[in-house]
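A.B. asks: Okay, here's the prediction I keep looking at, along with the sequence it came from:
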Amino acid sequence: MTPEELQEARVNPEFLGFLEEKEAAALESKSISELYEVLDSLLILDLEENRIHKVYAEILKVSFDKIEGRLKDEKKLSLDNDDIYFIRSFYEHAIEKWSCENYDGAKELFFILTQIVEDKKLVDAMTIHLLACAQKKDMDTFYDKDVEHQNEVEDEKYGYFILDFKFDVKEYLNKNISSIEEQYEKLKHLLN
């Protein structure tokens, strides 16, 4: 959308009414995909912060409930269907904690993602995130020094996650295997 189209959407009473109805329906249905559709619209249009927080809080509640169930059932999440939204919400929450320098909280969420996601590329990236949090590396430093910014996203489903690094992922993980095992041992209680 152009800036003019965004401004038009922000003041168009018909569109804003539609968005309010969609928001109410999403909050009632607790559909993760509908909640994210509403959240993304609110963010793009830069609408009221309290509405954004309300929808995001519901996303986290729905996701935590769903992921708790998956942990109990020992079923992994894929990057298909609504699973991607559950993964995305956990990831975004971990990033939020990390950006506030809550390294332990972020590390716990990244650990859980490594255990419940069946996509190897994403699990490897979450492990790298976990190690950075374990080292108390601030997010800006991680982003500037470790993240490769030039790569195009190879698949849309990966677009929500930091997956490209300035080093060989397999080599990095192999080099840090003892640290990974140590962190996994410290955090395995979260799976019970």
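C.D. replies: Received it, and whenever you're ready, just let me know what you need.
A.B. asks: For the host helix or strand of Ile87, which helices and strands make contact with it?
C.D. replies: Secondary structure assignment for Ile87, by DSSP states H and E: helix 83-99. Under the contact criterion of 3 or more Cβ pairs under 8 Å, 6 or more residues apart in numbering; DSSP states H and E, helix 83-99 touches helix 32-45, helix 49-73, helix 103-116, helix 120-134, helix 139-145. C-beta: built from backbone N, CA, C; applies to glycine.
A.B. asks: Just the buried residues of the next helix or strand after the last one, please?
C.D. replies: On the C-terminal side of helix 139-145, the closest following helix or strand by DSSP H and E is helix 169-175. Across helix 169-175, burial judged by 16 or more other Cβ atoms under 10 Å covers Tyr172, Leu173.
A.B. asks: Outline the domain layout of the chain.
C.D. replies: When the chain is parsed with automatic domain parsing, its domains come out as 1-75, 77-192.
A.B. asks: which regions of the protein lie under the pLDDT threshold?
C.D. replies: 1, 151, 153 (pLDDT under 70).
A.B. asks: Out of the helices and strands packed on helix 83-99, flag the one nearest Phe161.
C.D. replies: When the helices and strands packed on helix 83-99 are compared by Cβ to Cβ, helix 120-134 sits nearest Phe161, at 6.2 Å.
A.B. asks: Show me the contact partners of the closest one.
C.D. replies: 79, 87, 91, 94, 98, 103-104, 106-107, 110-111, 113-114, 117, 142, 146, 158, 161-163, 165, 169-170, 172-173, 176, 179-180, 183 (Cβ atoms under 8 Å, 6 or more residues apart in numbering).
A.B. asks: Filter the residues you listed down to the buried ones.
C.D. replies: The neighbour-count criterion (16+ other Cβ under 10 Å) marks 79, 87, 91, 94, 98, 103, 106-107, 110-111, 113-114, 117, 142, 146, 158, 161-163, 165, 172-173, 176, 180, 183 among those as buried.
A.B. asks: Now render the helices and strands packed on helix 83-99 as CSV, adding distance to Thr2.
C.D. replies: As requested, these are exported to CSV (distance: least, Cβ to Cβ, whole Å):
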stretch, distance to Thr2
helix 32-45, 12
helix 49-73, 22
helix 103-116, 36
helix 120-134, 33
helix 139-145, 29
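A.B. asks: Sounds good, over and out.
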